[in-house]
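**Q** sequence first, then the predicted structure, then my questions.
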2 protein chains.
Amino acid sequence: MSVLDYSRYYSNLARSIKASEIRELLAIIKAKKNVISFAGGIPDPELFPRKELAEIARDVIEIYGDEALQYSETKGVREVRETLCKFLSTRKSIKCEPENAIITTGSQSALDLVARTLIDPGNVVITENPSYLAAIGAFKNAGARLIGVDIDDSGMKTSILEEKLRAMSPDERRRVKFIYTIPIAQNPSGVSLSAERKKHLLEIASQYDLLVVEDDPYSYLVFEEGVDKTVIKALDRENRVLYMSTISKILAPGLRIGWLIGPDDLIRRVELVKQYVDLHSPTLTQYITAEAMKRGVIDRVIGRAIPHYRAKRDLMLKTMSEYFPEYTWYSKPIGGLFIFTYVYKSNFDAGKLLPVAIEKYSVAYVPGGSFHVDGKGANSMRISFSYPTYEQIIEGVKRLAELIRES
Amino acid sequence: MSVLDYSRYYSNLARSIKASEIRELLAIIKAKKNVISFAGGIPDPELFPRKELAEIARDVIEIYGDEALQYSETKGVREVRETLCKFLSTRKSIKCEPENAIITTGSQSALDLVARTLIDPGNVVITENPSYLAAIGAFKNAGARLIGVDIDDSGMKTSILEEKLRAMSPDERRRVKFIYTIPIAQNPSGVSLSAERKKHLLEIASQYDLLVVEDDPYSYLVFEEGVDKTVIKALDRENRVLYMSTISKILAPGLRIGWLIGPDDLIRRVELVKQYVDLHSPTLTQYITAEAMKRGVIDRVIGRAIPHYRAKRDLMLKTMSEYFPEYTWYSKPIGGLFIFTYVYKSNFDAGKLLPVAIEKYSVAYVPGGSFHVDGKGANSMRISFSYPTYEQIIEGVKRLAELIRES
């Protein structure tokens, strides 16, 4: 029925926007049933506390229905923010009053709100390289130029961060708005920022008068002893850190609840932006989340998730060590849902090979180029161990190894 | 604890954004218990089908938990879009396949997505004058300039729309992206576009090659016989209409579910934008909405809501006719939740008087200036009859009448 050419109507953003490769993949993979997907960072539904959430949802509507089904404050229901602050202060040592918190529609919405509240076209954002592709996308859509800082086993190399800032002209330095970091069990690499570097990062932020946007979906899912799980926000004496997290990996992503914690002034500004973006996040799932916190459901999910995902990670690493050729390198993640792999073979392009991987080898991953802010990483890929079964992990790794050898 | 001056970090949008007066009001009013609020368009919670929704929420999690709690497609769960299309085709005669639909996080999010997908700074959007203030805000935030077209009892004066377009220079005409209209039980005026004008509007859109964004939250809530309830989308032969609506007024706003229906190509582009905005709308409340449609819950709410709100409207109009001074004019809405009032008294400024109204008269409304795109309407206000009780309607109208007489 469409006969018009709609391209004349599109905004520059809509015209230029790139499809998120993960989202596109999910659609393709759904259609092809035998594909083993290591693509999305999808929680294992076995960990969903269905019975408890079914009860909570019913209770919340029966008991608080008039409020839980109604419009609510843009920042989020006050009682929910109070529960959240308690949760964060006991588990993450984050000082938090309800005025410091805004509930978001999942963490993607937190990224978008941060982008719209802080970024003007031409501004600069500094990130780890590689970093989370949908954060990169949100910042780029707001017009940011991204500068990447290399990582190693201790996370972002803060000495390089410092060098890059020092080398900038005053004019360029003024354009930098914030440093975006996923300090613990980083996406895509699985590495964590060391305690010393956390301090160093805050010193640098202070010296150059920058904000820090800390994205922390994974600190609940650390598999190893001895990893420093302190969030940067807990060390934030100057109130420079905007902390964000979500229940997506520790309760259920389908509720779409995330949050931003920061200085009142900044949170108030985010609130003004959010009024026109989605008015407020779903009241019902806010109540469900708070109730799941209060009843200890989230803590129990975390307790089950850590050994569950650790076992899957171990199996994936073990299978990779058996089948992957010697010209590959891959991360040994201390937590989270992902392993990041580089293939050191000339002309290996994980992006170009993806259709072949899906069609011929029936295995899927996310090409690593999307996580790089400098156009590099064509020879890399992110693979997730969270969703596939043990059998699929073994079989999928074998298929991936074949693809790598034969391409 | 905040010591930094955060203003240096804000984007131009965050710096310039105006607080939505309704949202700010809600916060103030919550703190002052004895204020009678005619401000927000808040559904009467008496109409929430608590028992049925509690059952549905529990069932949905128990039966579809693996999917309902999981990430889902950016466009929305396919089965939910199928159910929605059936609902819209039988109730609104809208032709709709799942590819034509995208589920949004309430209708505010639909407005924001439309703005980001279609508007570049400097573009022009044509609206009714007055029009919905949060739509005006979303379009302005995207950089649009708004041109208003006057309304009368038959809705937007399409002859004036035509004149305005004809009078434009070719260059200005090229900047116009779409006409935004709330054709049925318009917010804030309560008037409806006549059948002839609907046709005329589509002819004009065709002649000047414009899209039409049709916002339709209220056609389910028409109180009078003889009103043409045909949505413009049902008449849309050239596929120029982007239709949006929501369950907020006919089921529960706290679920935050709305939708956009349009040509595949356009919906696909909205989808790309939405990937970076909130990834997808809450899977759980999508499932709950679809189930409420299937079980006839929404139809039953509508059946109860029409006489319920009609009675409240009648009472408010009757009380206004008794107490309002003769130098006021107010709309006689055929549906929806609002009455729009003009006060013809020199220097009457509803915006400036609002703090007085709340503090001294303990009554609240939304100043009409916010609904006007041309800076006019300072002497107008929008009052809602949906949320207050009968007693509050009578008492609140008396207080408002006093305020008007004494100011």
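**A** Structure's in. What do you need? Here the structure is a predicted model, which means the values were calculated and not measured.
**Q** make it CA atoms for all contacts and neighbour counts henceforth
**A** OK.
**Q** show me what contacts the closest residue to A:A101 other than its chain neighbours?
**A** In space, and not counting its chain neighbours, A:A101 is closest to A:I261: 4.6 Å by CA to CA, 6 or more residues apart in numbering or on different chains. A:I261 makes contacts with A:C96, A:N100, A:A101, A:I102, A:L242, A:Y243, A:M244, A:I267, as judged by CA atoms under 8 Å, 6 or more residues apart in numbering or on different chains.
**Q** which secondary structure element of chain A has the lowest mean pLDDT?
**A** Each helix and strand of chain A was given a mean pLDDT (mean pLDDT, DSSP states H and E); the minimum falls on helix A:21-31 at a mean of 68.
**Q** what's the local residue count around A:K30?
**A** Applying other CA atoms under 10 Å in any protein chain shown, we find 11 residues neighbouring A:K30.
**Q** separation between it and A:S37?
**A** 10 Å (CA to CA, to the nearest Å).
**Q** on that earlier part again, pLDDT score for the residue nearest to A:A101?
**A** A:I261 is assigned a pLDDT of 98 by the prediction.
**Q** circling back to that earlier point, ok, of the contacts of A:I261, which come out buried?
**A** Those of these that meet the buried threshold are A:C96, A:N100, A:A101, A:I102, A:L242, A:Y243, A:M244, A:I267, by 16 or more other CA atoms under 10 Å in any protein chain shown.
**Q** which of those residues lies closest to A:G336?
**A** The shortest approach to A:G336 among the buried ones among the contacts of A:I261 belongs to A:M244, at 15.8 Å (CA to CA).
**Q** how far away from the center of its chain is the helix or strand in which that closest one is found?
**A** Element membership for A:M244, per DSSP states H and E: strand A:241-246. Counting by CA atoms, centre = their mean, to the nearest Å, strand A:241-246 is centred 11 Å from the centre of its parent chain.
**Q** same check on stretch A:246-262?
**A** Mean-position distance between stretch A:246-262 and its chain equals 11 Å (CA atoms, centre = their mean).
**Q** ends of it, what's the gap?
**A** 15 Å.
**Q** now the residue nearest to A:A101: how far from A:G351?
**A** Computed as CA to CA, the A:I261 to A:G351 distance reads 36 Å.
**Q** with A:Y180 instead?
**A** 25 Å.
**Q** what residues sit buried inside stretch A:100-120?
**A** A:100-120.
**Q** hmm, back to that, how about the strand holding A:M244, does it reach chain B?
**A** No: Strand A:241-246 stays clear of chain B (CA under 8 Å from any CA of the partner chain), getting no nearer than 11.2 Å.
**Q** against which helices or strands is that strand packed?
**A** Packing partners of strand A:241-246 (3 or more CA pairs under 8 Å, 6 or more residues apart in numbering or on different chains; DSSP states H and E): helix A:106-118, strand A:211-215, strand A:258-261.
**Q** break down the stretch 51-200 of chain A into its strands, ranges please.
**A** A:101-104, A:124-129, A:145-152, A:155-156, A:176-181 (DSSP state E, counting those that start in this stretch).
**Q** as CSV, these with distance to B:E391 would be great.
**A** Listed next are those as CSV, based on distance: least, CA to CA, whole Å:
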stretch, distance to B:E391
strand A:101-104, 35
strand A:124-129, 55
strand A:145-152, 58
strand A:155-156, 63
strand A:176-181, 53
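**Q** among the ones you listed, which is the most enclosed?
**A** Highest mean neighbour count among the strands of the stretch 51-200 of chain A (mean count of other CA atoms under 10 Å in any protein chain shown): strand A:101-104, with a mean of 30.
**Q** who does it pair up with?
**A** strand A:258-261 (antiparallel) (DSSP bridges).
**Q** list the buried residues for the strand it pairs with?
**A** In strand A:258-261, the ones that count as buried by 16+ other CA under 10 Å are A:G258, A:W259, A:L260, A:I261.
**Q** can I get that strand as PDB, trimmed to CA atoms?
**A** Provided in PDB are the C-alpha atoms of strand A:258-261 (Å, rounded to 0.1, in the frame of the first residue of the first chain):
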ATOM      1  CA  GLY A 258      16.800   0.900  35.500                       C
ATOM      2  CA  TRP A 259      18.000   3.900  37.400                       C
ATOM      3  CA  LEU A 260      20.400   6.900  37.500                       C
ATOM      4  CA  ILE A 261      21.900   8.100  40.800                       C
END
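**Q** which pLDDT value goes with A:I17?
**A** Reported pLDDT for A:I17: 85.
**Q** surely it and A:G143 touch.
**A** No: between A:I17 and A:G143 there is no contact under CA atoms under 8 Å: 11.5 Å.
**Q** and the helices in chain A?
**A** For chain A, helices defined by DSSP state H occupy the ranges A:12-16, A:21-31, A:50-68, A:78-92, A:106-118, A:133-141, A:158-167, A:170-175, A:195-207, A:264-277, A:283-294, A:297-323, A:350-359, A:390-406.
**Q** the first one and chain B in contact?
**A** Yes: part of helix A:12-16 sits close enough to chain B to count as contact by CA under 8 Å from any CA, namely A:N12, A:L13, A:A14.
**Q** how distant is that helix from the center of its chain?
**A** Taking mean C-alpha positions (CA atoms, centre = their mean), helix A:12-16 and its chain are 24 Å apart.
**Q** I'd like to know which elements that helix is packed against.
**A** By 3+ CA pairs under 8 Å, 6+ apart, helix A:12-16 packs against helix B:106-118, helix B:264-277.
**Q** for B:L211, which of those is the nearest?
**A** Across these, closest to B:L211 is helix B:106-118 (CA to CA), at 9.8 Å.
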